[in-house]
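S.K.: A structural model of the following input is requested.
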Amino acid sequence: MIKAVVFDMDGVIFDSEALVMETWEAVAEKHGFYNVEAVCRKCLGTNAEATRQIFLEYYGEDFPYDAYKKEMSELFHQSAAGGKLKKKPGVRELMEYLKEKNVRIGLASSTRKEVVCRELEEGGLLEYFDVIVCGDMVNRSKPEPDIYLEACRLLQIAPALACAIEDSYNGIRAASRAGMKAIMVPDLAEPTEEMEELTECILPSLSDVKEFLKKSDWFITPNGDLVVMSIEAYEAMVENAAMDTAISEAEAEYERDGQLHDAREALASLRRKHFG
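M.R.: Prediction:
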């Protein structure tokens, strides 16, 4: 049973990852540094600071990352501003379907909030989102679960009752570590055995995601109740290394004998058991 769907943005909603790669390659050619495609692939799904560190680790601490990043951003803006950024096929239709089913919609993007909101607004998609969480709003980047846990907290939905739609390895890892279901819609990163293990399914497009959801029973609830995750449980999951075990046991408690139990009581009991 699913009460919320949380989207990644770059490579899922917008066809932006390829444009990022293209603009970095233009900057690399101009300044004479190499293998930028491979470095960019390591950065897929990560926030600004994590991306910066990946570049510096590869090219050295004296690499003028900030100056080159500014050049890249200007090139990207020239191609993407004013609603020119291409949307992935089926994105609006999928969101309309979720709204029809009264499924809450969130966004968990490693990109800065200012950029995210501008691109969604220019693309005519901002109104669909109940919650937006961005890379500059959490302490740790994907593949850590923080951004998805925060999205679930703001949506007031337990992670076990939410699904992430992702294109990157780091994004799928983050959603899995948060205890969510995950669907991978590959963009630049090809599916791997690890991704097959961490996802419910791997689908070629958002149109296929819509068809998958229509045929699934994910939106059928035994009693129609909204299961809310307490702030205490959220904080415990972020801070405690036993998070994965706690989430797995929480899922079992929610659907024992096919019936949902009170999430607040279940999580409180789980917190006492695991965290003291």
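S.K.: OK, contacts around V12?
M.R.: Neighbour list for V12: K88, I165, E166, D167, V185, D187, L206 [criterion: Cβ atoms under 8 Å, 6 or more residues apart in numbering]. Yep, even glycine has a C-beta here, placed from its N, CA and C like the rest.
S.K.: contacting residues for the first one?
M.R.: Applying Cβ under 8 Å, 6+ apart, one finds that K88 lies in contact with V12, I13, F14, D15, V185, S205, L206.
S.K.: wait, doesn't the second one sit right on R92?
M.R.: No. Contact between I13 and R92 fails when scored by Cβ atoms under 8 Å: they sit 9.7 Å apart.
S.K.: before we move on, back to that, top of the contacts of V12 by neighbour count?
M.R.: Of all these, the highest neighbour tally under other Cβ atoms under 10 Å goes to E166, namely 32 neighbours.
S.K.: which residues does that one bridge with?
M.R.: Beta-bridge pairing for E166 (DSSP bridges): M184.
S.K.: hmm, it is touching P186, no?
M.R.: No. At 9.5 Å, E166 does not count as touching P186 under the criterion of Cβ under 8 Å.
S.K.: ok, the contacts of V12 vs E200, which is closest?
M.R.: Nearest to E200 among these is I165, at 10.4 Å by Cβ to Cβ.
S.K.: next helix or strand past the helix or strand harbouring E114?
M.R.: According to DSSP states H and E, E114 maps onto helix 113-122. Toward the C-terminal end, the helix or strand that comes next after helix 113-122 (DSSP H and E) is strand 131-134.
S.K.: and that following strand, what other elements does it pack with?
M.R.: If you count contacts as 3 or more Cβ pairs under 8 Å, 6 or more residues apart in numbering; DSSP states H and E, strand 131-134 packs onto strand 104-109, helix 113-122, helix 146-155.
S.K.: what's the closest of those to M180?
M.R.: M180 sits nearest to helix 146-155 of all the helices and strands packed on strand 131-134, at 6.0 Å, using Cβ to Cβ.
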